[in-house]
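Participant: 3D model of this:
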Amino acid sequence: MKVLIVRIGAMGDVLHAMPAVAALRERHPRWFIGWAIEPRWSDLLQISGDPQDLTQGVVVAGGAIARQGLVDRWYSVPAGAWSKRPLASGTVSEILALRRTLRAERFDLCVDMQGALKSAVVGGFARAKSYAGAADPRERMARHWYGKKIDVGAAHVVEQGCELLGGAAGETLAPARVTLPMNERAEQWADETVGQERFVLISPGGGWGSKVWPAERLGRAAAELGRVAGVRTVVNASGSGSREADDVVKASQGFARTAPCSVGQLIALTRRAAVVVGGDTGPLHLAAALERPVVGIYGPTDPARNGPYGTRSRVLRDAESVTSHKRRHEVEAGMLKITVEEVVEAAREMLG
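Facilitator: So this is what the prediction gives:
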């Protein structure tokens, strides 16, 4: 059986889909599983190795060979780059090459776990024998591509992913533990960056402005944790840096520093964090996948649906926050009612 997962991005969404895929891998260790994804997130996927080599695995009950990785192969879908130059000859060539590659794989099943029009089109490229997606996808137009429409009713997106993938495969799946890759160079970088230091990792981003707690408050929280708990703070930033991370450091009174890093390096750094503080964003969900203690600062998104999953956590959300996925620039009003003192208290609790 050959299965294609389509979950192009972003980081948190990819991580939310992974427990369902891990459950499918456990249930069917000999199946070939491919994943269509933005190349920048591919470092999240543990790859089995040569999918034609059954020695790339371990023997399980009944003598079957279990793949060691979450997936056997990933397929590059640089949708962000394509959207910036949609009519360029290079874009057209890359799209046609992807279509040829996916069709050549002859997938038995394709599951669109994103529910967007672009992901539905990518899944359609494969011409799998069966193509499934949510009956009520995020973008309504996407459902017209699916031959099999799965009703999804679970509360949390991780459990929704299990309903969707399980329904597509004719299985009942429960979220399985995910193993993230361990890159030797990234691990060495993390050792050199933080050594044996006990630190709090702060992620100041949030995808869109309405769910980003002010950087100045994060900086004050870092300063207070340094004074009362004796721990310093490392602030996550992309490889090119970020204004939000710099603003956190400026407000931290010398208790925080930035650590610009790649996705692979962020995995290694997060493994070493004593606690991770952030909003509803990829690095917070990465910490949950790595089973690190987290403090989630929530506003317009509902923690019952998007909260940290599978780890020890404290989630802060004001009662006046209104659930909305509209991408507004201004911080949601209820989120601004969460105080620095509340965040510090939650972080100290997670620090033990």
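Participant: contact partners for the closest residue in space to W208 that isn't next to it in sequence?
Facilitator: Taking Cβ to Cβ, 6 or more residues apart in numbering, and ignoring the residues beside it in sequence, W208 has R327 as its nearest neighbour in space, at 4.0 Å. Where you see a C-beta, it was placed from the backbone N, CA and C, and this is true even at glycine. R327 makes contact with 207-210, according to Cβ atoms under 8 Å, 6 or more residues apart in numbering.
Participant: can I get the buried part of these as one ChimeraX selection?
Facilitator: In ChimeraX, selecting the buried portion of these, with burial taken from 16 or more other Cβ atoms under 10 Å, looks like this:
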select :207,210
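Participant: tabulate the contacts of R327 (JSON lines), appending secondary structure, distance to K149 and pLDDT.
Facilitator: JSON lines is the format used below for these (DSSP: H, G, I helix; E, B strand; the rest coil; distance: Cβ to Cβ, whole Å; pLDDT from 0 to 100):
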{"residue": "G207", "secondary structure": "coil", "distance to K149": "28", "pLDDT": "79"}
{"residue": "W208", "secondary structure": "coil", "distance to K149": "29", "pLDDT": "82"}
{"residue": "G209", "secondary structure": "helix", "distance to K149": "34", "pLDDT": "86"}
{"residue": "S210", "secondary structure": "helix", "distance to K149": "31", "pLDDT": "92"}
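Participant: re earlier: and the gap between the residue nearest to W208 and A319?
Facilitator: R327 sits 23 Å away from A319, going by Cβ to Cβ, to the nearest Å.
Participant: and what of G299?
Facilitator: 12 Å.
Participant: so which of the contacts of R327 comes closest to P78?
Facilitator: G207 (18.9 Å; Cβ to Cβ).
Participant: and the closest one, what does it touch?
Facilitator: 10, 12, 280-281, 327.
Participant: filter these down to the buried ones.
Facilitator: The neighbour count (16+ other Cβ under 10 Å) marks 12, 280-281 as buried among these.
Participant: mind checking how far S252 is from V122?
Facilitator: Relative to V122, S252 is positioned 42 Å away (criterion: Cβ to Cβ).
Participant: in the stretch 1-150 of the chain, which spans are strands?
Facilitator: Here the stretch 1-150 of the chain has its strands, by DSSP state E, counting those that start in this stretch, at 2-6, 32-37, 57-59, 65-67, 73-76, 109-112, 130-134, 148-150.
Participant: which of the ones you listed is buried the deepest?
Facilitator: Mean neighbour counts were taken over the strands of the stretch 1-150 of the chain using mean count of other Cβ atoms under 10 Å, and the top value, a mean of 29, falls to strand 109-112.
Participant: show me what it is packed up against.
Facilitator: Contact here means 3 or more Cβ pairs under 8 Å, 6 or more residues apart in numbering; DSSP states H and E; on that basis strand 109-112 packs against strand 2-6, helix 117-125, strand 130-134, helix 157-169.
Participant: next, V200: phi, psi?
Facilitator: V200 has phi and psi values of phi -100, psi 140 when expressed as degrees, to the nearest 10.
Participant: and the pLDDT at it?
Facilitator: Reading off the per-residue confidence, V200 sits at a pLDDT of 98.
Participant: ok, now how distant is the closest residue to it other than its chain neighbours from G296?
Facilitator: Computed as Cβ to Cβ, 6+ apart, the closest residue to V200 that is not its neighbour in sequence is T233, at 4.7 Å. T233 sits 17 Å away from G296, going by Cβ to Cβ.
Participant: do the same with A132
Facilitator: Between A132 and G296 the distance, using Cβ to Cβ, works out to 31 Å.
Participant: lowest mean pLDDT across the strands of the stretch 1-150 of the chain, which one is that?
Facilitator: With a mean of 39, strand 57-59 has the lowest mean pLDDT of those.
Participant: part of a strand, is L266?
Facilitator: No: counting by DSSP: H, G, I helix; E, B strand; the rest coil, L266 is not part of a strand but helix.
Participant: go ahead and confirm it touches A237.
Facilitator: No: in this structure, L266 sits apart from A237 without contact. The criterion is Cβ atoms under 8 Å, and the distance is 9.6 Å.
Participant: thanks a lot, see you next time.
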